[in-house]
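> got a sequence here, can you build the structure:
(chains A, B, C and D)
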Number of protein chains: 2
Amino acid sequence: MTDVIRRRPRQADVAALAGVSQATVSTALGTSPARASLSAGTLERVALAARTLGYVPDPVARRLAAQSTDLLGVYTFTDAFPVEVRDSYYPFLVGIERSAARLGYDLLLFTGTSSSRGGEAVQKVRLADGCLFLGRHVPEEQLQQLLDAGYPVVYVGRRTELGGRLSYVGADYVAGAAQVVDHLAGLGHTALLYVRGTDDAVASADREEGFWRAVAAAGLRGQVQRAYASSIDARALQSWRASGVTAVVTEENDANDLLAALLAAARDADVAVPQDMSLAVLGECGGLEPAPRVTGFALPRQQMGEDAAALLVDLVTGRRTGTVQELLVPSLLVGETTGPPPPA
Amino acid sequence: MTDVIRRRPRQADVAALAGVSQATVSTALGTSPARASLSAGTLERVALAARTLGYVPDPVARRLAAQSTDLLGVYTFTDAFPVEVRDSYYPFLVGIERSAARLGYDLLLFTGTSSSRGGEAVQKVRLADGCLFLGRHVPEEQLQQLLDAGYPVVYVGRRTELGGRLSYVGADYVAGAAQVVDHLAGLGHTALLYVRGTDDAVASADREEGFWRAVAAAGLRGQVQRAYASSIDARALQSWRASGVTAVVTEENDANDLLAALLAAARDADVAVPQDMSLAVLGECGGLEPAPRVTGFALPRQQMGEDAAALLVDLVTGRRTGTVQELLVPSLLVGETTGPPPPA
DNA sequence: CTGAAAGCGCTTACAG
DNA sequence: CTGAAAGCGCTTACAG
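Okay, here's the model as predicted:
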């Protein structure tokens, strides 16, 4: 009697036991159309042999031969699991996992180290059938290579790099900004000031555009001011009031320092929020201590994750092709910092 | 002139351009010892050719040939990213990612669906070089197959199944229980009651053992009572007091309903905690609304994740072999529910 | 110092 | 209806 096979069984082992060829095992166990033309007996014997031996296909070999692994890559440019919750990818991951599970894919999570090993590392994502990218960073050259090779890539978050050829599922900041402005208009405000940061990020421009559109649509007076957090003080606030401004809208930024500066200035100037002046942020007021419930809008993070993964699967399977860009509408968060304007 | 090569370049293309064989390209571009014996000129020409063509190795092919993926599997028996934070694997994942990143591994996350597809699905983990398992469920047959094949497996959490052959990094409940008892002894308590649930989970037995050991070591009087949450009421509490018990210790369980019942009973019986009686839990008091700061102990979850991943890597690389079991000591959490015993 | 060859475990035309 | 063969793009002894 021969030794028990210790190594994991391969198709050849199953074939030997079932009395068929290795290729037949492959078709019998696979899902290709050729499977239909195998006899019931063969199918049965192969299935039995496979079960007996505990055969499991080697996904790597399968991928090499068939060019598919049923794996979705997830590439983040910082730790996927940051300890600080503030800008955690967690809600995105929840959505991504849901979609992946539903569609029968597993997740290949590239860790910080491999990511930071320089540009080449990005190519590792090819182990998966397609890859999701999270984070602000866009390694254009590397992505260009992937796109050129027809490799499916989807960003979570709107990206305008690479001549707009990147697929993404992002948040509609224009719509989010409009919701906030409409909320203020509904309360009776007519003169709004928008304070944005001094950089030119895409999201910033989008928010400003949303501000202007909604202001125009609602027939309000609006003005925009670029500011550093350090330049916002009690005097500035008072001069805005004097000029008739009843609501100040600001941009969400990294540490929300613009928002923090506005709150501090209101305190210093003895301006009651929202009785004397309303305050809103185009985004979420996270990261502040203590956390005031500031009016703003929330990104549908989990839904973005779900949609991004679903889109990636469509791209992988060829159900959709080319560049697909999708924007999800944020939801208005009415906090304690907005109310009717003071009586004139 | 021939057509431009549109498909991504492979080693054969680089070889042609550099005027060497494909195998030489492999060694020149790789890290094997054989590389040292290539001439400087060859190395240079290959490097140049690779750069010119934009060659990037195919990770899949490399894996198939080299029998290693630099991937660590993570298998959970529920969603890896549950929406309810209570029994979230998040802290474990943070630790796992850290270790993996530091050691140069990426993570292969098996999603709920693939996991629930029945026993066979577990075998999919073989795509990774080794696999971490999270969750109470232990699919013995499947794991047996993996172990028999010499496949490295590490559980996060102590597991006694499979005749103790499972490697794990768990929490030392015995030590945790002892910490709580010692804390009470230090406060002056001499008569303790331990209320545990009616099931026989390993963790429950460990906690009870820790209770008894610490009670004995501190020279206290102790008693253990098994109870359903529904059987704990004001009368029970009062009879315990009458018998001289000054501190009640309970087990952490799924919904912490034992703890909740004790808190409710104290309220009903008009027993002030901790003035009249101290209360502690062998674990964390999560899941209760409102959340009282109950004395207990916290598992070092992130550290468990880190250690588990590091252990798995050791098993994968052969630095350690066989079954390795490691227990991490929890840290005492002193809450508002314990104090000195009432004057006698 | 380098090349020819085998092989990793599959899939997929193709021949019969 | 099934098998023989080629090939996916690499790594790794081994021969020279």
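> what's the closest non-adjacent residue to the residue in the stretch 151-300 of chain A that chain B sits nearest to?
Per Cβ to the nearest Cβ, A:Tyr151 is where the stretch 151-300 of chain A lies closest to chain B, at 9.1 Å. For the C-beta atoms, the positions are set from N, CA and C on the backbone; glycine is no exception. For A:Tyr151, ignoring the flanking residues on the chain, the nearest one in space by Cβ to Cβ, 6 or more residues apart in numbering or on different chains is A:Arg126 at 6.4 Å.
> neighbours around that neighbour, how many?
A:Arg126: 22 surrounding residues under other Cβ atoms under 10 Å in any protein chain shown.
> isn't it right next to B:Pro57, touching?
No: proximity of A:Arg126 to B:Pro57 does not meet the contact threshold set by Cβ atoms under 8 Å, at 9.5 Å.
> quick revisit: distance of the residue nearest to A:Tyr151 from B:Phe92?
28 Å (Cβ to Cβ, to the nearest Å).
> repeat that for A:Pro341.
From A:Pro341 to B:Phe92 the distance is 50 Å (Cβ to Cβ).
> settle it for me: which of these two has more neighbours?
Taking neighbours as other Cβ under 10 Å, A:Pro341 and B:Phe92 compare with B:Phe92 leading, 27 against 20.
> can I assume that one sits in a helix?
Yes: secondary structure of B:Phe92 (DSSP: H, G, I helix; E, B strand; the rest coil): part of a helix.
> correct me, but it touches B:Pro300?
No: counting by Cβ under 8 Å, B:Phe92 does not reach B:Pro300; the two are 10.4 Å apart.
> element containing A:Glu209, please.
Assigned by DSSP states H and E, A:Glu209 belongs to helix A:202-218.
> helix or strand next in line after that helix, which one?
strand A:221-226.
> give the pairing partners of that following strand; include direction for each.
Paired with strand A:221-226 in the same sheet, following DSSP bridges, are strand A:191-196 (parallel).
> please enumerate residues in contact with the partner strand?
A:181, A:184, A:204, A:207-208, A:211, A:215, A:220-227, A:232, A:240, A:243-251, A:258, A:262 (Cβ atoms under 8 Å, 6 or more residues apart in numbering or on different chains).
> following element in sequence after the helix or strand of chain A with the lowest mean pLDDT, please.
When the helices and strands of chain A are compared on mean pLDDT, DSSP states H and E, helix A:112-116 comes out lowest with a mean of 56. Under the assignment DSSP H and E, the closest C-terminal helix or strand after helix A:112-116 is strand A:130-134.
> output the contacting helices and strands for the helix or strand just after that following strand.
The element immediately downstream of strand A:130-134 (helix or strand, assigned by DSSP H and E) is helix A:140-148. Helices and strands touching helix A:140-148, by 3 or more Cβ pairs under 8 Å, 6 or more residues apart in numbering or on different chains; DSSP states H and E, are strand A:153-156, helix A:161-164.
> and the ones you listed, which is most packed in?
Here the criterion is mean neighbour count by mean count of other Cβ atoms under 10 Å in any protein chain shown, and of the helices and strands packed on helix A:140-148 the winner is strand A:153-156, at a mean of 25.
> and that one, does that touch chain B?
No: shown here: strand A:153-156 not in contact with chain B (Cβ under 8 Å from any Cβ of the partner chain), separated by at least 14.4 Å.
> how about the helices and strands packed on helix A:140-148, which one is nearest DNA strand C?
In terms of Cβ to the nearest atom of the strand, the element of the helices and strands packed on helix A:140-148 nearest to DNA strand C is strand A:153-156, at 22.2 Å.
> who touches stretch A:233-251?
Applying Cβ under 8 Å, 6+ apart, the set of residues contacting stretch A:233-251 is A:177, A:180-181, A:184, A:189-197, A:204, A:207, A:211, A:221, A:223, A:258-259, A:261-262, A:265-266, A:268-269, A:271, A:276-283, A:338, A:341-342.
> tell me where the model's unsure across chain A.
By pLDDT under 70, the low-scoring segments of chain A are A:1-6, A:79-87, A:112-120, A:287.
> please repeat the previous calculation with a cut-off of 80.
Scanning chain A for pLDDT under 80 picks out the ranges A:1-8, A:59, A:67, A:78-88, A:112-121, A:123, A:200-203, A:253-255, A:285-291, A:344.
> can I see the domain layout of it?
Annotated domains of chain A cover A:11-57, A:71-172+A:301-330, A:173-299 [automatic domain parsing].
> close to DNA strand C: what parts of the stretch 51-200 of chain A are there?
A:55-58, A:61-62, A:64-66 (Cβ under 7 Å from any atom of the strand).
> farthest pair in those?
Across these, the longest distance by Cβ to Cβ is 18.2 Å; it joins A:Tyr55 and A:Leu64.
> please tell me how far the closest residue to DNA strand C within the stretch 101-250 of chain A sits from A:Gln145.
DNA strand C sits closest to A:Asp129 of the stretch 101-250 of chain A, with a gap of 12.8 Å, by Cβ to the nearest atom of the strand. Applying Cβ to Cβ, the value for A:Asp129 to A:Gln145 is 17 Å.
> what about these two, which has more around it?
Shown here are A:Asp129 and A:Gln145; by other Cβ under 10 Å, A:Asp129 has more neighbours (23 against 18).
> about what we covered before: was I right about the residue of the stretch 101-250 of chain A closest to DNA strand C contacting A:Leu71?
Yes: A:Asp129 lies in contact with A:Leu71 (Cβ under 8 Å); the separation is 6.0 Å.
> quick one: common contacting residues for those two?
A:Tyr105.
> what pairs with the spatially most central residue of chain A across the strands?
Central residue of chain A (Cα atoms, centre = their mean): A:Val156, 2.8 Å from the mean position. Beta-bridge pairing for A:Val156 (DSSP bridges): A:Leu134, A:Val169.
> so who does it touch?
A:Val156 touches A:92, A:96, A:132-134, A:168-170, A:304-305, A:308, counting by Cβ under 8 Å, 6+ apart.
> widest-spaced pair of those?
Most distant of the contacts of A:Val156, by Cβ to Cβ, are A:Ile96 and A:Gly170, 14.7 Å apart.
> neighbour count winner among these two?
A direct count of neighbours by other Cβ under 10 Å for A:Ile96 and A:Gly170 places A:Ile96 higher, at 31 against 22.
> do you know how far that one is from A:Val169?
With Cβ to Cβ as the criterion, A:Ile96 and A:Val169 are 10 Å apart.
> overlap of the contact sets of those two?
Counting by Cβ under 8 Å, 6+ apart, the residues touching both A:Ile96 and A:Val169 are A:156, A:308.
> what sits closest to the residue in the stretch 201-344 of chain A positioned nearest to chain B if chain neighbours are left out?
Residue of the stretch 201-344 of chain A nearest chain B, by Cβ to the nearest Cβ: A:Gln302 (8.0 Å). The shortest distance from A:Gln302 to any non-neighbouring residue, by Cβ to Cβ, 6+ apart, is to A:Gly95 (4.0 Å).
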